[in-house]
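A.B. asks: Whatever this is, show me its structure:
(one chain, ligands or ions: 1)
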Amino acid sequence: MIILKTDEEIEIMAKAGRIAGECLLVLRDMLRPGITTKELDKVAEEFIRKCGAIPTFKGYMGFPATICTSRNEVVVHGIPDETILEEGDIISIDVGATYMGFVGDTAATFPVGRVSREAERLMEVTREALSRGIAAVREGARLGDIGYAIESYVKKHGYSVVRDYAGHGVGRNMHEDPSVPNYGQPGTGPVMRKGMVIAIEPMVNAGGSEVITYPDLHVVTRDGSLSAHFEHTVAVTGEGARLLTLV
Ligand code: MG
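C.D. replies: Numbering: from 1, shown residues only. Sure thing, here's the model as predicted:
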């Protein structure tokens, strides 16, 4: 069941989204070779709590940390640990913050030091794919329009979207209906209604689309190729998408 949000609820969600988005910027500014993902996680938790919010992911399905840190061939759900980031790595950081009962969910992939041209290009294409998906958000349009916008752009650049994981509705729960796939056909799928809030999150692999999910739920590319991931939480309004996690 898709739960539509009132204008008042969307204002609260914009605050949750802003906290998550600001947290992501704080972490981006900390990135350098030699830092561990656990250090990033500690700062993220302190930041979110200082803002009067709660780390959404912590304890969710047993997840032990505040953020997901997914390095290189890790697609999503990487668990912060003693892993030391190295020059040339790319790292997706996914942040969830719950404020006054509502969730903001956002992610971005960043370079650590100088990275290869190929890694730069993968990140740029994935970021633009998210923008194309967001541009397809319109009251009365369909979710397939979003997936089509994302996948067609990604394919054109020789990359593949992950099909086993998708974006999702967001509200009082991090994962609500509907599922928001990163592929689809125009004019198909659920109709977007004013008050719908969804997380759009293309996961793009430099190689094939196949992934492996480990028992601790972290996901890697089957062929070991690099993967990038960008995510915003957006509300469907009478005037297209309102980005709730953009800072
Ligand atoms: Mg999400």
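
A.B. asks: Flag every residue of this structure that's near the ion.
C.D. replies: 105, 199 (Cβ under 5 Å from the ion). From N, CA and C alone the C-beta is placed, and that goes for glycine too.

A.B. asks: and the longest helix for the chain?
C.D. replies: helix 7-30 (DSSP state H).

A.B. asks: what packs against that one?
C.D. replies: For helix 7-30, the elements it packs on are helix 37-50, strand 90-99, strand 102-111, strand 232-237, strand 240-243, judged by 3 or more Cβ pairs under 8 Å, 6 or more residues apart in numbering; DSSP states H and E.

A.B. asks: what is the orientation angle of that helix with strand 102-111?
C.D. replies: Angle, helix 7-30 to strand 102-111, by axes from the mean of the first three to the mean of the last three Cα atoms, to 10 degrees: 30 degrees.

A.B. asks: Could you list the buried residues of helix 7-30?
C.D. replies: Neighbour counts over helix 7-30 (16 or more other Cβ atoms under 10 Å) mark 9-10, 12-24, 27 as buried.

A.B. asks: so which of those residues comes closest to the ion?
C.D. replies: Checking those against the ion by Cβ to the ion gives Ala20 as the nearest, at 10.3 Å.

A.B. asks: From what I see, the closest one and Asp94 are in contact.
C.D. replies: No: the criterion here is Cβ atoms under 8 Å, and Ala20 misses it with Asp94 at 9.3 Å.

A.B. asks: what sits in contact with each of the two?
C.D. replies: 105-106 (Cβ atoms under 8 Å, 6 or more residues apart in numbering).

A.B. asks: Which helix or which strand is home to the nearest residue to Val74 once chain neighbours are set aside?
C.D. replies: Excluding the flanking residues, the one nearest Val74 by Cβ to Cβ, 6 or more residues apart in numbering is Val220, at 5.4 Å. Using DSSP states H and E, Val220 maps to strand 219-221.

A.B. asks: Direction included, what does that strand pair up with?
C.D. replies: Strand 219-221 sits in its sheet next to strand 74-76 (antiparallel), strand 211-213 (antiparallel), going by DSSP bridges.

A.B. asks: Go through those strands and pick out the most buried.
C.D. replies: Sort those by mean neighbour count, taking mean count of other Cβ atoms under 10 Å, and strand 74-76 sits at the top with a mean of 23.

A.B. asks: residues in contact with that strand?
C.D. replies: So strand 74-76 is in contact with 68, 70, 92, 94, 162, 165, 203, 205, 211, 218-221, 227, 229, going by Cβ under 8 Å, 6+ apart.

A.B. asks: now do stretch 112-119
C.D. replies: Under Cβ under 8 Å, 6+ apart, the answer for stretch 112-119 is 31-33, 85-91, 111, 206, 226.

A.B. asks: Out of those, name the two that are farthest from one another.
C.D. replies: Greatest spacing in the contacts of stretch 112-119, by Cβ to Cβ: Arg32 and Ala206 (23.8 Å).

A.B. asks: More neighbours: these two, which one.
C.D. replies: Neighbour count, other Cβ atoms under 10 Å: between Arg32 and Ala206, Ala206 has more, with 22 against 10.

A.B. asks: The more buried one and the ion, how far apart?
C.D. replies: Distance, Ala206 to the ion, by Cβ to the ion, to the nearest Å: 21 Å.

A.B. asks: Do I have it right that that residue meets Leu122?
C.D. replies: Yes: contact status for Ala206 versus Leu122: in contact at 5.2 Å, counting by Cβ under 8 Å.

A.B. asks: Check the contact lists of these two and give me the overlap.
C.D. replies: With Cβ under 8 Å, 6+ apart as the test, Ala206 and Leu122 both reach 159, 226-227.
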